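A.B. asks: I'd like to go over a predicted model; first the sequence, then the structure.
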Amino acid sequence: MKRKLMWITAFVPLVIFLGFYRRLPEQIPLNYDINGQASRFGSRNNVLLIGPLTILITVLFELYIHFSGKRASDNRKKAVNKTNKNVLYIVIITLNIFYILMSVIMCIWGIKSVSSMKSEEMFNMLISFGLGIFFIISGNVMPKAKKNAAFGVRLSWTMKNDAVWARSNHFGGYVMMVSGFALIFGGLLLPGMWKIYQLLIVTAISTVIIIVKSYKIYKEEVSHEN
């Protein structure tokens, strides 16, 4: 069921853009000046690329899941692969839904020729909301992920030790969820482009925190083994 839903959501953005393509103006506003006037425009063809990009990302994850299953030689590895497969399906479905949200918003505003600062602020808020929800869901499933090369706290020291992997992803999951809520509240409270700047700030801070804590966990585990 998850696999079918993953592929359905992968094709929805492309279907949306193809359905609305003829009604979209040749040029769509992408940026606004301090007076709230559109200052930069982009071709509707560039927006259309979101559809194929969503499908490509899904294909790459599907290939990873497929070949990971092929390498599973014993029952334990097969169980691990099944767990990771379910986790990755949830992550990809959530990401695809985010792209669907972007597709709908861009098509509606393109058709209505929306070109004001207010529309950009609303778009930035919805992006913050969408990524916040993605962070929350990813953080929720992260502790369930077994060691793999596609999702989780994938660092040289976490890939060497199952205990370090488990503890790092458990901690990383909490950080991701907190970051997700921060993005949602930031989308509501922050003005203008700060809604976008916060994406970079929150992502950078959470990444540093996870890496530092993960390395500390690694040192603790090594000292216990010695």
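C.D. replies: Perfect, thanks for sending it. Numbering: from 1, shown residues only.

A.B. asks: for the residue nearest to the spatial centre of the chain, report the pLDDT, please.
C.D. replies: In the chain, the C-alpha nearest the mean C-alpha coordinate belongs to Leu95, at 5.0 Å (Cα atoms, centre = their mean). At Leu95, the model reports a pLDDT of 88.

A.B. asks: where's it relative to Lys85, distance?
C.D. replies: From Leu95 across to Lys85, the span is 16 Å (Cβ to Cβ, to the nearest Å). Every C-beta, even on glycine, is put in place using the N, C-alpha and C of the backbone.

A.B. asks: what's the answer for Arg44, then?
C.D. replies: Per Cβ to Cβ, Arg44 is found 37 Å from Lys85.

A.B. asks: which of the helices or strands spans Ser156?
C.D. replies: Applying DSSP states H and E as the criterion places Ser156 outside every helix and strand.

A.B. asks: and it, how many neighbours?
C.D. replies: 8 (other Cβ atoms under 10 Å).

A.B. asks: likewise Ile108?
C.D. replies: Ile108: 11 surrounding residues under other Cβ under 10 Å.

A.B. asks: and Leu56, by the same measure?
C.D. replies: Leu56 has 12 nearby residues by other Cβ under 10 Å.

A.B. asks: same deal with Val47?
C.D. replies: For Val47, using other Cβ under 10 Å, the count is 20.

A.B. asks: if we can go back for a sec, what's the residue nearest to the centre of the chain in contact with, if anything?
C.D. replies: If you count contacts by Cβ atoms under 8 Å, 6 or more residues apart in numbering, Leu95 has them with Ile57, Phe134.

A.B. asks: looking at the protein, which helix is longest?
C.D. replies: helix 75-111 (DSSP state H).

A.B. asks: of all the residues in that one, which ones are buried?
C.D. replies: For helix 75-111, the buried set under the neighbour-count rule, 16 or more other Cβ atoms under 10 Å, comprises 80-81, 84-107, 109-110.

A.B. asks: can you list contacts of stretch 213-226?
C.D. replies: Val153, Leu155, Trp157, Thr158, Asn161, Ala163, Val164, Arg167, Ser168, Phe171, Gly172.

A.B. asks: can you give me the helices for this protein?
C.D. replies: Using DSSP H, helices in the chain cover 2-20, 44-48, 50-71, 75-111, 117-141, 162-189, 194-225.

A.B. asks: could you tell me the least trusted of the ones you listed?
C.D. replies: Across the helices of the chain, the lowest-scoring stretch is helix 44-48, with a mean of 73.

A.B. asks: what packs against that helix?
C.D. replies: Judged by 3 or more Cβ pairs under 8 Å, 6 or more residues apart in numbering; DSSP states H and E, the packing partners of helix 44-48 are helix 2-20, strand 27-32, helix 75-111.

A.B. asks: any idea which of the ones you listed gets closest to Pro143?
C.D. replies: Among the helices and strands packed on helix 44-48, helix 75-111 comes nearest to Pro143, with 9.7 Å by Cβ to Cβ.
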